[in-house]
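Peer 1: Any chance you could fold what I've pasted below:
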Amino acid sequence: MSTFPSWSTHAKAFGLGILLAAIGIGAYLQWGSNASADLPPVTVYKSPTCGCCTEWVSHLRERGFQVKVEDRVNVQPVKRQLGVPNGLASCHTATVGNYVVEGHVPAEQIKRLLQNKPNLKGISVPGMPIGSPGMERGDRVEPYAVVGFTGSGDTTTVAQYGPRK
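Peer 2: The predicted structure follows:
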């Protein structure tokens, strides 16, 4: 004949469960989500099979952005709809706040954009330069620019990365 555990045994197990749950919640609040309440969410439009786009999304999340991914077989209609100039195109397109972010733009430049609120439609890293976020290949970094663009297509260099020519 088996015996049932006593009320005291149940209370101890329940108390231990509550303690472990509290520790888990505390750990999540301390280290769990990197998303910052100060940053608006980012929506990324990308191909479902693009690995470098997935790496760029990870780059943003690691730096405090909450990112929603919208996989599209063809991202070109999104680029046209959002007004990305042809010469500034890359493999993925994102929106954050009232801005468009095209390509492998470093998270620090997106944060600067949101902080300074320039009169731009968006920023871009044209192409897919080696060494840009999501395009890391060891220590190799090609020179690249972060380019700001307006709704009328005017451009300006916002930042430069990599070795100078």
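Peer 1: Please enumerate the helices of the protein.
Peer 2: Applying DSSP state H to the chain gives helices spanning 7-27, 51-62, 76-82, 107-116.
Peer 1: per-residue pLDDT, residue 164?
Peer 2: Among the per-residue scores, residue 164 shows a pLDDT of 79.
Peer 1: What of residue 10?
Peer 2: Confidence score, pLDDT, at residue 10: 52.
Peer 1: can you check residue 38 too?
Peer 2: 88.
Peer 1: can you check the one 5 residues further on too?
Peer 2: Per-residue confidence at residue 43 stands at 98 (pLDDT).
Peer 1: before we move on, back to that, which of the helices of the chain comes out lowest on mean pLDDT?
Peer 2: helix 7-27 (a mean of 52).
Peer 1: Tell me the bridge partners for residue 42.
Peer 2: On the basis of DSSP bridges, residue 42 is bridged to residue 67, residue 96.
Peer 1: From residue 52, how far off is it?
Peer 2: Distance of residue 42 to residue 52, given as CB to CB, to the nearest Å: 16 Å. Backbone N, C-alpha and C define where each C-beta goes, glycine included.
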